[in-house]
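> got a predicted structure plus its sequence, pasted below:
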Number of protein chains: 2
Amino acid sequence: MEKKKAVSIAVVRRLPRYYRYLEELLRNNITKISSKELSDRMGLTASQIRQDFNCFGGFGQQGYGYNVELLYSEISEILGISTVKDAIIIGVGNLGRALANNRDFFMHGFRLVGAFDVNMDIVGRTVGGQTVRHSDELEKFLEENHVDMAILSVPPTVVRSMVDRLTACGIKAFWNFSNVDIRIEGVMFENVHLVDSLMTLHYRMLDKK
Amino acid sequence: MEKKKAVSIAVVRRLPRYYRYLEELLRNNITKISSKELSDRMGLTASQIRQDFNCFGGFGQQGYGYNVELLYSEISEILGISTVKDAIIIGVGNLGRALANNRDFFMHGFRLVGAFDVNMDIVGRTVGGQTVRHSDELEKFLEENHVDMAILSVPPTVVRSMVDRLTACGIKAFWNFSNVDIRIEGVMFENVHLVDSLMTLHYRMLDKK
DNA sequence: TAGATTGTTAATCGATTAACAATC
DNA sequence: TAGATTGTTAATCGATTAACAATC
């Protein structure tokens, strides 16, 4: 019925970027933009931009270009910004705290509904508007509350068992900062492997010289 | 002379992953592995693994497979782990502090040699073994010290001017957390756009249902 | 209407996968 | 030697770019 050949991951990963650039255009009161002009700003080809947008429908007008406001709202719609999903954070160390306290992360389709840690010095503190609970309470919490996604900022050694517990409770999406790859059928992992990113940069710096 | 057709970015981004998996094999005292076996563990094809390694040379042995220790040391060599580069961090808010204090990030080819912020509440504190300096001292510091790379964890509004100042002082590599894209000829940006990552996850979660 | 720019089909390019001869 | 598995060439697949007819 709504079959139209799945949108490739390459396209999906460009969507937030389009969203950002359109946001900026709006801020600057630019009402109209052509694929050529946008491609210059973003460092893409005009052709790619038109191809990308046409995965979702024809948002432009021949001879004119794209209406920025319309395009922005279409892309917001596609990204589903207005559909708020419930997230919890597991591991409230330095990184976890930074993530939980960053309002920016929770203005784009997610809200934080819980925070967990095993460290008794941290349990009871407040991060991102949530009182940190002990990880032992996880199963009980998940039984009583609706949660769509879990942020993983725990040490690599405990990730696997944590993911097992969470998936057992029905969690099917993870924003994973643990630098460990996990693949489970039907479960979605968005990995942010910071060490990998850093090593890639390092390699490219050597390469350059 | 050492011309052999540049290694594609897709391959480069897999290198740290190979490195991680090989590290784990070593930890488990596994001395030998075939491309097939590694491909099962990593969720790649054996063919891709052999292609990837052969961008850098033949590390295997027909009929046997790969010696884990040798392969690990070759990949370490390729990634240049032992060549330590000097990094500074600009912006020591929640995220900047988490990055600076994470020893893990500075055990893979980088060391932190300076930290800067404009907030007087933060200037003078210690993060990642460095006393936070005021950003006004940046140019003087860069004149007197060798710096290869700058970590950008400042608000989006000030990134551009900060990058301009840093590139004017000769910095040619950035680990960029600011969620702003900057492109400058001859300057390398490794972007970690956390909000983009989160929005991508959000989209994929909607898509699923 | 003429000019501009889209939507879309076709061509190209690059990356992944398959196949197999080389060889340990 | 026979079996296994690499290194490497060829085939396939998918994503990007180019081209152009449709149309505002």
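Good, I have the coordinates.
> in chain A, which spans are strands?
Along chain A, the stretches classed as strands by DSSP state E are A:32-33, A:60-61, A:65-67, A:85-90, A:110-117, A:126-127, A:130-134, A:149-152, A:173-176, A:188-191.
> per-residue confidence for the closest residue to A:Ile184 other than its chain neighbours?
Leaving aside its sequence neighbours, A:Ile184 sits nearest to A:Thr167 (C-beta to C-beta, 6 or more residues apart in numbering or on different chains; 6.2 Å). For every residue, glycine as well, the C-beta is placed using N, CA and C. Model confidence at A:Thr167, given as pLDDT, is 98.
> quick one: check the longest helix along chain A for contact with DNA strand C.
For chain A, the longest helix by residue count, based on DSSP state H, is helix A:9-27. No: using C-beta under 7 Å from any atom of the strand, helix A:9-27 stays clear of DNA strand C, with a minimum separation of 10.4 Å.
> buried ones in that helix?
Within helix A:9-27, the residues that count as buried by 16 or more other C-beta atoms under 10 Å in any protein chain shown are A:Val11, A:Val12, A:Arg14, A:Leu15, A:Pro16, A:Arg17, A:Tyr18, A:Tyr19, A:Arg20, A:Tyr21, A:Leu22, A:Leu25.
> ok, those vs chain B, which is closest?
A:Pro16 (3.9 Å; C-beta to the nearest C-beta).
> surely that closest one meets B:Val195?
Yes: assessed by C-beta atoms under 8 Å, A:Pro16 is found in contact with B:Val195 at 6.8 Å.
> separation between the residue nearest to A:Ile184 and chain B?
Using C-beta to the nearest C-beta, to the nearest Å, we find A:Thr167 at a distance of 15 Å from chain B.
> so which residues on chain A come close to DNA strand D?
So chain A meets DNA strand D at A:8-11, A:44-45, A:47-48, A:50-51, A:61-64 (C-beta under 7 Å from any atom of the strand).
> now for the closest residue to A:Gly93 other than its chain neighbours: which residues touch it?
Among residues not flanking A:Gly93 along the chain, A:Ser153 sits closest, at 6.6 Å (C-beta to C-beta, 6+ apart). Under the criterion of C-beta atoms under 8 Å, 6 or more residues apart in numbering or on different chains, the neighbours of A:Ser153 are A:Ile89, A:Ile90, A:Gly91, A:Val92, A:Gly93, A:Leu95, A:Gly96, A:Leu99, A:Phe177, A:Ser178.
> please repeat the previous calculation with a cut-off of 7 Å.
If a contact means C-beta atoms under 7 Å, 6 or more residues apart in numbering or on different chains, then A:Ser153 has A:Ile89, A:Ile90, A:Gly91, A:Gly93, A:Leu95, A:Gly96, A:Leu99, A:Phe177 as its contacts.
> tell me the one of these nearest chain B?
Of all the contacts of A:Ser153, A:Leu95 has the smallest distance to chain B: 4.4 Å, by C-beta to the nearest C-beta.
> isn't the closest one up against A:Phe177?
Yes: using C-beta atoms under 7 Å, A:Leu95 is in contact with A:Phe177, at 6.2 Å.
> A:Ser197 and A:Leu22, how far apart?
26 Å (C-beta to C-beta, to the nearest Å).
> I meant A:Cys55, not that one.
Separation of A:Cys55 from A:Leu22 (C-beta to C-beta): 16 Å.
> what does A:Ile30 give?
Going from A:Ile30 to A:Leu22 by C-beta to C-beta gives 9 Å.
> residue ranges of the helices in chain A, please?
All helices of chain A, identified by DSSP H, fall at A:9-27, A:35-42, A:46-53, A:68-79, A:94-101, A:138-144, A:156-168, A:194-208.
> just give me the lowest mean pLDDT stretch among these.
Of all the helices of chain A, the minimum mean pLDDT falls on helix A:194-208 (a mean of 90).
> just checking, what packs against it?
helix B:9-27, helix B:68-79, strand B:173-176, strand B:188-191 (3 or more C-beta pairs under 7 Å, 6 or more residues apart in numbering or on different chains; DSSP states H and E).
> what are the contacting residues of that helix?
Residues contacting helix A:194-208 (C-beta under 7 Å, 6+ apart): A:177, A:179, B:12-13, B:15-17, B:79-80, B:83, B:85, B:104-105, B:108-110, B:148-149, B:173, B:175, B:188, B:190, B:192.
> other residues contacting stretch A:7-26?
Here stretch A:7-26 makes contact (C-beta under 7 Å, 6+ apart) with A:33, A:38, A:41-42, A:52, A:55, A:68-69, A:71-72, A:75-76, A:78-79, B:195-196, B:199-200, B:203-204.
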